[in-house]
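> Give me the fold of what follows.
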Amino acid sequence: MKKKIFISTGGSGGHVLPAITIYDHLKSSYEILISTDLRGLKYIDKENYKPITINTPKLNNLFLLPFALSKVLFLTFKCLILLKKEKISILISTGGYMSLPLCLAAKILSIKIFLIEPNMVLGRANKFFLNFSEKLLSYSKNLINFPKGLEQKQITIRPLVRKKYYEIINFEKKDSFFTIIIIGGSQGARIFDTLINEIFVKISNRYSIKIIHQTSEKNIVSLKNFYEENKIENKVFNFDQNLNELLRQSDLCITRAGASSLAELSLNNIPFIAIPLPTSKDNHQYENAKYYQDKGCCWIIDQNDFDKQKFEELLIKVSVKKDEYLRKKNNLKELNYQNTWKNVNQKLLEIFNEY
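Residues are numbered from 1 along each chain as shown. Model (predicted):
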């Protein structure tokens, strides 16, 4: 009989995508259950993963704190029943406040807890549960805010990237356009939708470029019209489950700095310009991008100090004067040497088979 593993996730794609990736790595060797909150449901294929919904409230409103704590206690009681009924051996949490009831229940039941930290800054929930966990799996040994004395709990793994992204490695483009993909998140952002695209017009007057642009639903028509009016080859979309297919066509990405997005770009040797979200908790998006910048793989732009002229000069340098671009592409190849789905799979099975 296979051991049972329960994966707790939710919130943003940064939490959910590593969770479904580790689900796919372990499903042939273990029986897997996965939970998410309501926000995380949009990132999960409900037919394939059959997620359990555990909608943990945020604890950031002092006025509503008594109600939120009462709900967390109620959910913890429900999780106790669930974990015991399903005879769970291991709980894997990708962090975030949504993991609180399941981690508390697992601790009470003496179920082994494993934490996953995809960011370069240790998240607050993961830091809180680190003392009670068996191991924390991270992409770097040098996590910011990692407490001293617990280094023995940390295991470094390759970034958890979905299997379909391994299938586009070394794909050869067929068109001659220098193609730039913009990933601003499903909600979009002003800097991606009104500042950067104006710069593309100037560049397109001199060079052949193609734009693939992710934006919010409300901006699709206006952005599409903008590119058409300026005779720029384009594809504008909101949220695409087959983003991997669009990356096949891309030479450069302009993006926020979520851990999963950067890992997918890195795996496929696509140099990127990161514009970290200034309001990200503990400035973790900047630290995510800095990890790759230190390895010579990307450029970082400070949104609070954005200069259109300098950005235009950078884009011209990247897309036309390609020496620096090619160096970064080569550095990405070296960084991902022997990074295969099979190698990551073997590493994860070695970790969990010990328990």
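
> And the helices in the stretch 151-300 of the chain?
163-166, 190, 196-204, 220-229, 243-247, 259-267, 284-293 (DSSP state H, counting those that start in this stretch).

> Give the buried residues for the host helix or strand of residue 107.
For residue 107, the host element (DSSP states H and E) is helix 100-108. Using 16 or more other Cβ atoms under 10 Å as the test for burial, helix 100-108 gives 100, 101, 102, 103, 104, 105, 106, 107. Backbone N, C-alpha and C define where each C-beta goes, glycine included.

> hang on, the earlier thing: so which of the helices of the stretch 151-300 of the chain is the most surrounded?
Highest mean neighbour count among the helices of the stretch 151-300 of the chain (mean count of other Cβ atoms under 10 Å): helix 259-267, with a mean of 24.

> circling back to that earlier point, nearest to residue 166, out of the buried residues of helix 100-108: which one, please.
Using Cβ to Cβ, residue 102 comes nearest to residue 166 of those, at 29.5 Å.

> Apart from its neighbours in sequence, what residue is nearest that closest one?
residue 8 (4.3 Å; Cβ to Cβ, 6 or more residues apart in numbering).

> swap in residue 119?
Of all residues not flanking residue 119 in the chain, residue 284 sits nearest, at 4.4 Å (Cβ to Cβ, 6+ apart).

> Identify the residues contacting that neighbour.
Contact analysis of residue 284 by Cβ atoms under 8 Å, 6 or more residues apart in numbering lists 119, 120, 121, 123.

> Switch those residues over to a markdown table; also include distance to residue 338 and secondary structure.
Converted to a markdown table, the contacts of residue 284 look like this (distance: Cβ to Cβ, whole Å; DSSP: H, G, I helix; E, B strand; the rest coil):
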| residue | distance to residue 338 | secondary structure |
| --- | --- | --- |
| 119 | 24 | coil |
| 120 | 22 | coil |
| 121 | 27 | strand |
| 123 | 28 | coil |
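
> which two in those residues are spaced the farthest apart?
Greatest spatial distance among the contacts of residue 284 (Cβ to Cβ): 120 and 123, at 10.7 Å.

> Give me the below-cutoff pLDDT ranges for the stretch 51-200 of the chain.
Low-confidence segments of the stretch 51-200 of the chain (pLDDT under 70): 168-174, 185-189.

> same check, this time on the stretch 201-350 of the chain
Applying pLDDT under 70 to the stretch 201-350 of the chain flags the ranges 321.

> For the longest helix along the chain, which helices and strands make contact with it?
Counting by DSSP state H, the longest helix found in the chain is helix 65-86. Under the contact definition 3 or more Cβ pairs under 8 Å, 6 or more residues apart in numbering; DSSP states H and E, helix 65-86 sits against strand 4-8, helix 100-108.

> Would you tell me which of the helices of the stretch 151-300 of the chain gets closest to residue 142?
Across those, residue 142 has its closest neighbour in helix 284-293 (8.5 Å, Cβ to Cβ).

> Okay, angle between the closest one and helix 259-267 too, please.
Interaxial angle, helix 284-293 versus helix 259-267 (axes from the mean of the first three to the mean of the last three Cα atoms, to 10 degrees): 20 degrees.

> Tell me the gap between helix 284-293 and the middle of its chain.
Mean-position distance between helix 284-293 and its chain equals 12 Å (Cα atoms, centre = their mean, to the nearest Å).

> Same check on stretch 96-108?
Centroid displacement of stretch 96-108 relative to its chain, using Cα atoms, centre = their mean, is 22 Å.

> begin at 324 from here
Renumbered: residue one is now 324, and that last one reads stretch 419-431.

> just checking, residue 327 touches residue 409?
Yes: proximity of residue 327 to residue 409 meets the contact threshold set by Cβ atoms under 8 Å, at 5.9 Å.

> Between the two, which is the more surrounded one?
Just comparing residue 327 and residue 409: by other Cβ atoms under 10 Å the higher neighbour count belongs to residue 327, 16 against 13.

> and that one, what are its bridge partners?
residue 354 (DSSP bridges).

> ditto for residue 505
Listed by DSSP bridges, the beta-bridge partners for residue 505 are residue 536, residue 577.

> is it true that it touches residue 532?
No: look at residue 505 against residue 532 with Cβ under 8 Å: they stay out of range, at 11.9 Å.

> out of those two, which sits in the busier spot?
Neighbour count, other Cβ under 10 Å: between residue 505 and residue 532, residue 505 has more, with 24 against 20.
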